[in-house]
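Engineer: here is a sequence with its predicted model. Questions after.
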Amino acid sequence: MAFSVKRVTWREWLGLGAGLLALVAVFLPWTVLTADTATADVRDAFNSLPHDDVVRSAWHSDFFSWFPPLVLVLVGLVVVIFGQVRKVRVSGLPHLWLVAGLAALLLMVIGWTTLDWVFDSDQRAFLETAGVMINPGLGRYVALLAVLVSIAASILDIRAARAESRSPRSRH
């Protein structure tokens, strides 16, 4: 059976779209330092720092930042490519998609809770003393939205696969 773009379902396109959105999010700010509560001298010194020292993308953060979006992209591609094969779908591709989405969500939650671990303990202590806050950036929120969309689409696809498995095969 040859691949046909016309046979890819909207749920599968949604899964790929979520993966691509997560990939775009990797290049957005993931970790942002702010000096709102710092003294004027610290704020001035902080503003003179290079942008890459203050704002970090997922590539310059940690494993829990760049790996989950890559999982979503890979799963989205697999679902679009192999989702047309009835035997693969009925054998559990939508379930695998859900598990991968939940794993990506878990890794993102771990990354969010360990946000300040991008810096070593001495750096964290210095930043805290100086009044510099370590905050999540826009990329984390966009990637979280992408993983939630992917999970929702996989749940809808599980329901559709269940209906497909119960329907009789059409003979052409």
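Structural biologist: That came through, no problem.
Engineer: for Ala152, give its distance to Gly17.
Structural biologist: Note on Ala152: its distance to Gly17, by C-beta to C-beta, to the nearest Å, is 12 Å. The C-beta positions use only the backbone N, C-alpha and C, and glycine is treated the same way.
Engineer: check Ser61 too.
Structural biologist: Applying C-beta to C-beta, the value for Ser61 to Gly17 is 24 Å.
Engineer: what do you get for Arg11?
Structural biologist: The spacing between Arg11 and Gly17, counted by C-beta to C-beta, is 10 Å.
Engineer: just Leu70 next, same as before
Structural biologist: 16 Å.
Engineer: returning to that earlier point: the more surrounded of Ser61 and Gly17?
Structural biologist: Ser61 (21 against 17; other C-beta atoms under 10 Å).
Engineer: after the strand ranked longest in the chain comes which helix or strand?
Structural biologist: The longest strand of the chain (DSSP state E) is strand 29-34. Scanning forward in sequence from strand 29-34 by DSSP states H and E, the next helix or strand is helix 40-47.
Engineer: just the helices in this structure please.
Structural biologist: For the chain, the helices defined by DSSP state H occupy 10-25, 40-47, 51-54, 63-82, 86-90, 93-113, 121-130, 138-166.
Engineer: make JSON lines from those and add distance to Thr31 and mean pLDDT to it.
Structural biologist: As requested, these are exported to JSON lines (distance: least, C-beta to C-beta, whole Å; pLDDT from 0 to 100):
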{"stretch": "helix 10-25", "distance to Thr31": "13", "mean pLDDT": "95"}
{"stretch": "helix 40-47", "distance to Thr31": "15", "mean pLDDT": "76"}
{"stretch": "helix 51-54", "distance to Thr31": "9", "mean pLDDT": "78"}
{"stretch": "helix 63-82", "distance to Thr31": "8", "mean pLDDT": "95"}
{"stretch": "helix 86-90", "distance to Thr31": "38", "mean pLDDT": "81"}
{"stretch": "helix 93-113", "distance to Thr31": "10", "mean pLDDT": "95"}
{"stretch": "helix 121-130", "distance to Thr31": "12", "mean pLDDT": "83"}
{"stretch": "helix 138-166", "distance to Thr31": "8", "mean pLDDT": "91"}
